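A.B. asks: just coords:
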Ligand code: KIV
Ligand code: ZN
C-alpha cells in the first residue's frame, strides 16, 4: 500500500471563494476539527493577501499541533517572507509557492516568457528553502499547460529543493482519463520525481473534481488536495469526504492508505457549513441530509430486508449515529448526555445543566428532539455571542403588507426598546434592530430553512451583512418560530 497524504485547503482555497473572511476564532475551530479528522496538512491561508489572513495563519501555526501547517504564496520574495513569518511557530511548517505555467497564464496574466517562468519558479523555491525544508511548488493551470514544458518546470523546482509538486487542474477542465494521463506523464518523464511527492489539486467546474482526483491517485499521486463539503472557487474544489469515502468503500483498486478518521467526517462537514454559512445541498454525496435516506417504497422494503440492498456506506461509519433513544420533554439529563456522546459531544457538569435547560425549552415546543436539533443546540449561536440578546418582540400589521415591530434587546446588560415599521414582519424586525443598534451594514442575503422535518421543526435562519469596507458577516439563528430564528440570526451577525 502506498501512503496517501491528505492536504486540506478549506481555510485557503475554500475560504477564498466565500466573499468573506472567517475570523481567527472560526478558523481555529475548523483547524482543531481537521486535526481530529486526521488530515496530514492544513493550508491555513495566504498570509500576504491581508493582515487578517496573516494573523489567522500565525494563530493556527501557534495553536494547531501534530499536522503540517502550510501557507500559500506567489513566486514573490515579499510573499515568501510574510508566509515564513506567519509559520514561525508551526510544529511542521510548509511554504506552498508557485506560478502559472499554461500559455494563457504566462502570456496574458504574468506577461512572462516560458524561460522567465522557469527562472521565477526556481528562484521562489530556493528562496523558500532558506526558511523551511518542506516546500511545495504549484504549477498553476498545469492541466492546460504544454506537458513537455510542465515536465521541465517540475524537474527544475525539484532540483531547487521542492519536496512536493502540485499539478492543479485550476479551471476544472480535465476529464478523468486525461488528468490521470497527465499525472502518469509527469511521473514517467520527470527524472528526479522520486525526490518529491506528486500532489493532485482539482476544481469542479465540470463536476469531475472527485473523479479526476481519483484518476490522479491511481496514476501514482501521493497527495490529494481538497476542501470539506467541496467549497471553493466557482463550482468548488474536490470534496475531501467524497474521495476519502470512495477509497474506503472501493479501496482495493486504489492501493493507497491514509490516516483519516472517517467517524469525524459528518461532524467536520456540519462545522464547516455552520461557520462558513455555506449550506450543504440535501442530495450532496456522503454529507447531504438525504445521503442515507430511503424514500421510495421499494427501497424501504429492500433496506428493511437487508441494508446492503440499497446502502453502500453505513451512516454510522462517518459519524451519523443510529439513535435508539427518542428524546422528549420527559427525557432526563443522562439520556441527553448519552445522545450527545453518540454525536461526538462530551458535555459534563455545569455545561450539561445549561444544555439540558435549553433542551427542555426546545422539547416543550417539539414532540421529539432529533439529532439535527441537538447539533443546533450544541452550536447555538446564542451561547457563542451573547453581548446582544433578544429579550422580546411583538408585531402589529397595518394592511396586508406593512407591519410594525416592537423589539427589546439587551445590549451589554442594558435593555433598549424601539418600534418601527417595514415591508412585512421580518423587514420591520430588521429595521427595528437597526434602529436600536445603529447598524450600518446592508443585508446581503437572508435565507430560512427547516432543520428537521414536521411542522414544529426547528427553523434555521441565515443572515449575511455586508459592511462598507467589504467585510461580510454571517449570522445564524434557530427557533421553532421562524421570526424569532430570523431575529436571532440578525443579532448573531451583529454580535460578531
Ligand atoms: O487551483 C489552483 O491552481 C490553486 C493553486 C494556487 C494551488 O489553488
Ligand atoms: Zn485551487
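C.D. replies: Yes, it's here. Worth saying up front: this structure is predicted, and the values here are computed from it rather than measured. Numbers count the residues shown, from 1 in each chain. Ligands and ions are numbered 1, 2, ... in the order given.
A.B. asks: residue ranges of the strands in the stretch 101-250 of the chain, please?
C.D. replies: 135-140, 164-169, 197-202, 223-226 (DSSP state E, counting those that start in this stretch).
A.B. asks: Which one, of those, ends up nearest to residue 35?
C.D. replies: For residue 35, the closest of the strands of the stretch 101-250 of the chain is strand 223-226, at 16.6 Å, according to CB to CB. C-beta coordinates here come from the backbone N, C-alpha and C atoms, glycine included.
A.B. asks: so where's the stretch 201-350 of the chain shaky on pLDDT?
C.D. replies: Across the stretch 201-350 of the chain, residues meeting the criterion (pLDDT under 70) sit at 252, 321-324.
A.B. asks: near ligand 1, which residues of the stretch 201-350 of the chain?
C.D. replies: By CB under 6 Å from any ligand atom, the part of the stretch 201-350 of the chain that sits against ligand 1 consists of 201, 203.
A.B. asks: related to what we said a few turns ago, got a markdown table for the strands of the stretch 101-250 of the chain, with distance to residue 118 too?
C.D. replies: As requested, the strands of the stretch 101-250 of the chain are exported to a markdown table (distance: least, CB to CB, whole Å):
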| stretch | distance to residue 118 |
| --- | --- |
| strand 135-140 | 11 |
| strand 164-169 | 14 |
| strand 197-202 | 19 |
| strand 223-226 | 23 |
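A.B. asks: since we're on the residue lying closest to residue 491 once chain neighbours are set aside, how many residues are nearby?
C.D. replies: Excluding the flanking residues, the one nearest residue 491 by CB to CB, 6 or more residues apart in numbering is residue 388, at 5.2 Å. Using other CB atoms under 10 Å, residue 388 has 19 other residues around it.
A.B. asks: Likewise for residue 479?
C.D. replies: Residue 479: 21 neighbours (other CB under 10 Å).
A.B. asks: Now for it: which residues touch it?
C.D. replies: Contacts were defined as CB atoms under 8 Å, 6 or more residues apart in numbering; by that measure residue 479 touches 458, 459, 485, 488.
A.B. asks: Can you give me the distance of residue 190 to ligand 1?
C.D. replies: To ligand 1, residue 190 is 18 Å away according to CB to the nearest ligand atom, to the nearest Å.
A.B. asks: Do I have it right that that residue meets residue 154?
C.D. replies: Yes - taking CB atoms under 8 Å as the definition, residue 190 is a contact partner of residue 154 at 4.9 Å.
A.B. asks: any common contacting residues for those two?
C.D. replies: In terms of CB under 8 Å, 6+ apart, residue 190 and residue 154 are both contacted by the residues residue 165.
A.B. asks: neighbour count winner among the two?
C.D. replies: More crowded of residue 190 and residue 154, by other CB under 10 Å: residue 154, with 28 against 22.
A.B. asks: isn't the more buried one right next to residue 160, touching?
C.D. replies: No - assessed by CB under 8 Å, residue 154 is found out of contact with residue 160, at 10.7 Å.
A.B. asks: could you list every residue that touches the residue nearest the centre of the chain?
C.D. replies: For the chain, the residue nearest the mean C-alpha position is residue 272 (4.0 Å; CA atoms, centre = their mean). Residues near residue 272 by CB under 8 Å, 6+ apart: 10, 14, 30, 228, 229, 231, 278.
A.B. asks: any idea which element it lies in?
C.D. replies: Per DSSP states H and E: residue 272 is located in helix 265-276.
A.B. asks: how far out from the middle of the chain is that helix?
C.D. replies: Between the centre of helix 265-276 and the centre of its chain there are 6 Å (CA atoms, centre = their mean, to the nearest Å).
A.B. asks: Next secondary structure after that helix?
C.D. replies: Following helix 265-276 toward the C-terminus (DSSP H and E): helix 297-305.
A.B. asks: list the helices and strands the helix or strand where residue 430 lies packs on?
C.D. replies: Following DSSP H and E, one finds residue 430 within helix 425-437. Judged by 3 or more CB pairs under 8 Å, 6 or more residues apart in numbering; DSSP states H and E, helix 425-437 is in contact with strand 388-398, strand 402-411, strand 414-423, helix 482-495.
A.B. asks: Show me what residue 201 is bridged to.
C.D. replies: residue 168, residue 225 (DSSP bridges).
A.B. asks: try residue 392
C.D. replies: Beta-bridge partners, per DSSP bridges, of residue 392: residue 408.
A.B. asks: Also residue 92?
C.D. replies: Counting by DSSP bridges, the residues bridging with residue 92 are residue 68.
A.B. asks: my guess is it contacts residue 133, does it?
C.D. replies: No - the pair residue 92 and residue 133 does not pass the contact test of CB under 8 Å, sitting 9.7 Å apart.
A.B. asks: Could you check which of the two is surrounded by more residues?
C.D. replies: Higher neighbour count among residue 92 and residue 133: residue 92, with 17 against 12, using other CB under 10 Å.
A.B. asks: so what's the more buried one up against?
C.D. replies: 67, 68, 69, 134.
A.B. asks: Just among these, which is most surrounded?
C.D. replies: Neighbour max across these (other CB under 10 Å) = residue 69, 26 neighbours.
A.B. asks: Leaving out the residues flanking it, which one is nearest to it?
C.D. replies: residue 90 is the one closest to residue 69 (CB to CB, 6+ apart), at 4.1 Å.
A.B. asks: Surely that neighbour touches residue 61?
C.D. replies: Yes - counting by CB under 8 Å, residue 90 touches residue 61, with 3.8 Å between them.
A.B. asks: list residues touching both of those two?
C.D. replies: residue 69.
A.B. asks: Which pLDDT value does the model give residue 382?
C.D. replies: On the pLDDT scale, residue 382 is placed at 51.
A.B. asks: would you turn the contacts of residue 92 into a markdown table with distance to ligand 1 and pLDDT?
C.D. replies: Listed next are the contacts of residue 92 as a markdown table, based on distance: CB to the nearest ligand atom, whole Å; pLDDT from 0 to 100:
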| residue | distance to ligand 1 | pLDDT |
| --- | --- | --- |
| 67 | 18 | 98 |
| 68 | 15 | 98 |
| 69 | 16 | 98 |
| 134 | 16 | 98 |
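A.B. asks: now, the most widely separated pair of the residues you listed?
C.D. replies: 67 and 134, at 12.0 Å, using CB to CB across the contacts of residue 92.
A.B. asks: and stretch 51-61, does that touch ligand 1?
C.D. replies: No - contact of stretch 51-61 with ligand 1 is not found when judged by CB under 6 Å from any ligand atom; the minimum separation is 13.9 Å.
A.B. asks: how about that stretch: buried residues?
C.D. replies: 52, 53, 54, 55, 56, 57, 58, 59, 60, 61 (16 or more other CB atoms under 10 Å).
A.B. asks: what do you get for stretch 95-109?
C.D. replies: Of the residues in stretch 95-109, 95, 96, 97, 98, 99, 100, 101, 102, 105, 106 count as buried by neighbour count, 16+ other CB under 10 Å.
A.B. asks: I figured the last one was touching residue 112, is that so?
C.D. replies: Yes - because the distance of 5.5 Å satisfies CB under 8 Å, residue 106 is recorded as touching residue 112.
A.B. asks: quick one: residue 122 and ligand 1, what's the gap?
C.D. replies: Going from residue 122 to ligand 1 by CB to the nearest ligand atom gives 18 Å.
A.B. asks: burial count for that residue?
C.D. replies: Residues near residue 122, counting by other CB under 10 Å: 19.
A.B. asks: what does residue 401 give?
C.D. replies: With other CB under 10 Å as criterion, residue 401 counts 10.
A.B. asks: Contact partners for it?
C.D. replies: Residues in contact with residue 401 (CB under 8 Å, 6+ apart) are 423, 424.
A.B. asks: Now with 10 Å, please.
C.D. replies: 422, 423, 424, 427 (CB atoms under 10 Å, 6 or more residues apart in numbering).
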